[in-house]
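In: Here is my input, please return the structure:
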Amino acid sequence: MDQKIGRCKKKDKLLEEMVRERTAELADIVDKLNTEIAHRQITEQALKDRSEQLSKLASQLAFAEERERRRIAGVLHDDLQQLLVGAKLQIGSMKRSPDKAIIVAQDLDIILTKSIELTRSLTSELCPPILRQSGLLSAFEWLAQWMKERHELEVDIYAENRLTIASEDTRVLVFQFVRELLFNAVKHARVKRASLTASSEKGQLRVQVADQGEGFNPAKSISKGGLGLFSISERLDSIGGLMEIEAAPGKGCKTTLFIPLKVRVEGKMPSLREMQIRIIIVDDHVIMRQGLVHLLKAQPDMDVVAEASDGAAAIKMARQFLPDVIVMDVSMPVMGGPEATRIIHSEMPDVQVIGLSMYDEEEKAETMRQAGAVRYLTKFGPSKSLIVAIREAARNARDRVVAH
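Out: Residues are numbered from 1 along each chain as shown. Take a look at the predicted model:
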């Protein structure tokens, strides 16, 4: 009897143990599902925010285009058409009084001269011919003079004598970017002086516009599409460029643009693939990993060369592909982000690691930095921050290679 009771108790204990194990497995599955749901919600929110930003930009561009149409129509109607009508009346007067031909001819000469000046000014505002004829530096000098005459803004130019961009479309974009930034200095910084610095280095054109005006919070201004900065940022993205802003209320603003140049090395033009940033994505959550892959592959200058689900696999992938940047999840099974980062950094110091986590904790950030990560970002932050961080990290990596 006692043996039978003992066997029953043993079976009950085994059953309880199996129930506990199964319950733990189910709890683990529920936790993973909840985490994946959270990742999906974050990804969907990021896509929604991006869509809203692009919609706002499209609306702003449409309004700007309409305002420009009205302005040009106003110039043509109020100025040019009036001058041409005046010229026609003078010709009619000359027909009626041929003896006054010399006086009328003098008036016509004045009218036609004003008409030519007006059309030249309008043409220059839309797209300065000097931009095509004499290059970027001459266009900057013309713009500085124009800003002084029209807006009383003194622009100090510090630039190399030879600023060459092969693509005319890119030259026009750069000119428009600088003009927009100088307009911001007039409208928002409320200053009478600004500086424009331009140089070419390591395959990039670096252009900086700075002022000591009222300043602003760049994060809020860009996220709201204000000051034209979001528009500049988006158009820079389309050509593989980057914008960096240093600004604070009451402390002025310094905006730096990095624009890729078509530079020939040993007579060979680098291919698009050679110019792209090679990236490895490391995250144990499939949905998050796929979301990051889709986000980065949509960038014209980025190529996701591999994916990994844990730190150990990330090390193998890094050795195999030698990427420019690794986006590394902090908390993963088998081997976590800090340990993998430490090994990668010791073996491949030129590979830049960006830590990525669900948690905005300084302790985790410091652990990743001590392991060798160059940045630490949260997964619920704006996707734009990750894209900017990757470009900055890749530029630093390539600068180090060139220096060596």
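In: The one residue sitting closest to the centre of the chain: helix or strand, and which one exactly?
Out: The chain has S233 as the residue nearest its centroid, 4.0 Å off, counting by Cα atoms, centre = their mean. Assessed by DSSP states H and E, S233 sits inside helix 229-238.
In: residues of that helix that come out buried?
Out: Applying a neighbour-count criterion of 16 or more other Cβ atoms under 10 Å, one finds 229-237 buried in helix 229-238. Quick note: C-beta positions are derived from backbone N, CA and C, even for glycine.
In: Then stretch 187-203?
Out: Within stretch 187-203, judged by 16+ other Cβ under 10 Å, the buried ones are 188-189, 191, 194-198, 200.
In: G241 is in contact with the residue nearest to the centre of the chain, correct?
Out: No - the criterion here is Cβ atoms under 8 Å, and S233 misses it with G241 at 9.0 Å.
In: For the stretch 151-300 of the chain, which residues score under the pLDDT cut-off?
Out: Residues of the stretch 151-300 of the chain meeting the criterion pLDDT under 70: 166-167, 202, 218-228, 230, 238, 262-275.
In: about what we covered before: and the buried residues of stretch 187-203, which is closest to E36?
Out: H188 (43.2 Å; Cβ to Cβ).
In: Checking my notes, the closest one in a helix, right?
Out: Yes - with DSSP: H, G, I helix; E, B strand; the rest coil as the criterion, H188 is assigned to a helix.
In: how close does it get to G252?
Out: From H188 across to G252, the span is 11 Å (Cβ to Cβ, to the nearest Å).
In: what about the strands in this structure?
Out: With DSSP state E as the criterion, the chain has strands at 154-159, 193-201, 204-211, 242-247, 253-260, 277-282, 302-308, 325-329, 352-357, 375-378.
In: For the second one, what is the distance to the chain centroid?
Out: With Cα atoms, centre = their mean, to the nearest Å as the basis, strand 193-201 stands 19 Å off its chain's centre.
In: ok so, going back, skipping its backbone neighbours, what lies nearest the residue nearest to the centre of the chain in space?
Out: In space, and not counting its chain neighbours, S233 is closest to M243: 5.1 Å by Cβ to Cβ, 6 or more residues apart in numbering.
In: Mutual contacts of H188 and G252, please.
Out: 213-214 (Cβ atoms under 8 Å, 6 or more residues apart in numbering).
In: circling back: wait, doesn't the residue nearest to S233 sit right on K254?
Out: No - in this structure M243 lies outside contact range of K254 using Cβ under 8 Å: 11.4 Å.
In: okay, these two: which has more neighbours?
Out: M243 (24 against 17; other Cβ atoms under 10 Å).
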